[in-house]
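>>> sequence and predicted structure below; questions after.
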Amino acid sequence: MRKWGLTVAAAGLLSGVALVNFSAAASSGDGSLSPAARPVIGTVSLAALPVEAQQTERLVRSGGPFPYEKDGIVFGNREQLLPRQPRGFYHEYTVRTPGSHDRGARRIVCGGRQPREPEACFYTEDHYASFKRIAP
């Protein structure tokens, strides 16, 4: 496996610019990230989520009905931000965003063999750019 890393420090170049520190790793062919390059996913309690996310989580555990046509579709995890699993393991559900004229950016992604009893659920408020695991 070929690995490479990059660190950028912008201190002193421009006043008021924050330091940026990131690293990445490349594999020999499958495109997966090494464990060191995978993002760390924080946790959030269900009670700390917006009420709309709590409602969506309850719908997942009851099996619906879901208000959006795409609710329950397979989530591909192309960004590889969630733990690696076989295709079809993760399913996504829309979290209503008040004032949004479309589905908005908020989702719950759950994984497991039993849709009503997921092994883990994750919340994203920024359309898959970041996730937090929902603590039971």
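Looks like it came in fine.
>>> can we go C-alpha only for contacts and neighbour counts from here?
OK.
>>> so who does Cys121 touch?
Contact analysis of Cys121 by Cα atoms under 8 Å, 6 or more residues apart in numbering lists Ile108, Val109, Cys110, Gly111, Arg133, Ile134.
>>> which single one of these is nearest to Tyr123?
Distances from Tyr123 to the contacts of Cys121, taken as Cα to Cα, are shortest for Ile108 (4.6 Å).
>>> partners of Gly42 in the sheet?
Counting by DSSP bridges, Gly42 is bridged to Lys132.
>>> wait, is Gln55 part of a helix?
Yes - assessed by DSSP: H, G, I helix; E, B strand; the rest coil, Gln55 belongs to a helix.
>>> how close does it get to Tyr123?
Applying Cα to Cα, to the nearest Å, the value for Gln55 to Tyr123 is 13 Å.
>>> more neighbours: which of these two?
Just comparing Gln55 and Tyr123: by other Cα atoms under 10 Å the higher neighbour count belongs to Tyr123, 26 against 13.
>>> please name the residues that touch the more buried one.
Applying Cα under 8 Å, 6+ apart, we find Tyr123 in contact with Ala53, Arg106, Arg107, Ile108, Val109, Phe131, Lys132, Arg133, Ile134.
>>> what about this structure, any weak spots by pLDDT?
Where the chain drops to pLDDT under 70, the residues are 1-40.
>>> break it into its domains for me.
Listed domain ranges for the chain are 1-38, 42-135 (source: automatic domain parsing).
>>> end to end, how far does the last one reach?
Across its full length, domain 42-135 reaches 10 Å between end residues, using Cα to Cα.
>>> could you measure from Ala129 over to Pro83?
The gap separating Ala129 from Pro83 is 15 Å, by Cα to Cα.
>>> if you could redo that for Thr94, that was the one I meant.
20 Å.
>>> these two: which is more packed in?
The residue with more neighbours, out of Thr94 and Pro83, is Thr94; 23 against 11, by other Cα under 10 Å.
>>> apart from its neighbours in sequence, what residue is nearest that one?
Arg107 (4.7 Å; Cα to Cα, 6 or more residues apart in numbering).
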